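> got a predicted model here, sequence first, then my questions.
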Amino acid sequence: MSGGGPAAAEGRLLVLVGGESGTVRFCRKVFETYGDPVVHMGPLGSGQLTKLLNNVLFTANLATAAGTSRSAGSSTSIPPLCRGDGPRQRIELRAGPDRGGRRDARPHRVPGRSAAAQDVRLVADLAGAAKASTGIVLDAADTTLALIEHER
């Protein structure tokens, strides 16, 4: 699932489902009570894997947004690019006066457990187990985690 509390309250969470087609069909009415769309991703586990990959791409994109903001000398936050699924995961890019007048932008540290770090670690572990290349996406995600002072 993806979308956070407000989306859940409105019944519009993105629900990524893995499993046999008949089982997904049987459960769809339950999923639709809180989700729209409900997307069957394939075999068991593929919904979770898709969610993890989505979170890692989101985390990697934060590093790109921070670098772009710095290059442009931005002094404003970029909320549409930098919102997570909920208060615990929310990461915003900040710059300018709230950063002590500096014109550098970076995600601020979210106290406590980092869902982003957990998901990056899980994808890295899965890629390692499958002997799959991760390309630059995990490097970019690790850059974001370093900016928010979290380790994978």
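Cool, got the structure.

> what helix or strand is the closest residue to T143 other than its chain neighbours on?
Leaving aside its chain neighbours, T143 sits nearest to A63 (3.9 Å; criterion: Cβ to Cβ, 6 or more residues apart in numbering). No exception for glycine: its C-beta is placed from N, CA and C like everyone else's. Using DSSP states H and E, A63 maps to helix 46-72.

> can you spell out which helices and strands pack onto that helix?
Counting contacts by 3 or more Cβ pairs under 8 Å, 6 or more residues apart in numbering; DSSP states H and E, helix 46-72 packs against strand 13-18, strand 35-42, strand 93-94, strand 106-107, helix 115-129, helix 137-147.

> which one of these lies closest to L57?
For L57, the closest of these is helix 137-147, at 6.5 Å, according to Cβ to Cβ.

> nearest residue to V120 other than its sequence neighbours?
A141 (4.6 Å).

> deepest in the core, which of the helices and strands packed on helix 46-72 is it.
Stretch with highest mean neighbour count among the helices and strands packed on helix 46-72: strand 106-107 (a mean of 25; mean count of other Cβ atoms under 10 Å).

> state the mean pLDDT of it.
Strand 106-107 comes out with an average pLDDT of 44.

> and the helices and strands packed on helix 46-72 as JSON lines, adding distance to K51?
Converted to JSON lines, the helices and strands packed on helix 46-72 look like this (distance: least, Cβ to Cβ, whole Å):
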{"stretch": "strand 13-18", "distance to K51": "5"}
{"stretch": "strand 35-42", "distance to K51": "9"}
{"stretch": "strand 93-94", "distance to K51": "23"}
{"stretch": "strand 106-107", "distance to K51": "20"}
{"stretch": "helix 115-129", "distance to K51": "8"}
{"stretch": "helix 137-147", "distance to K51": "15"}
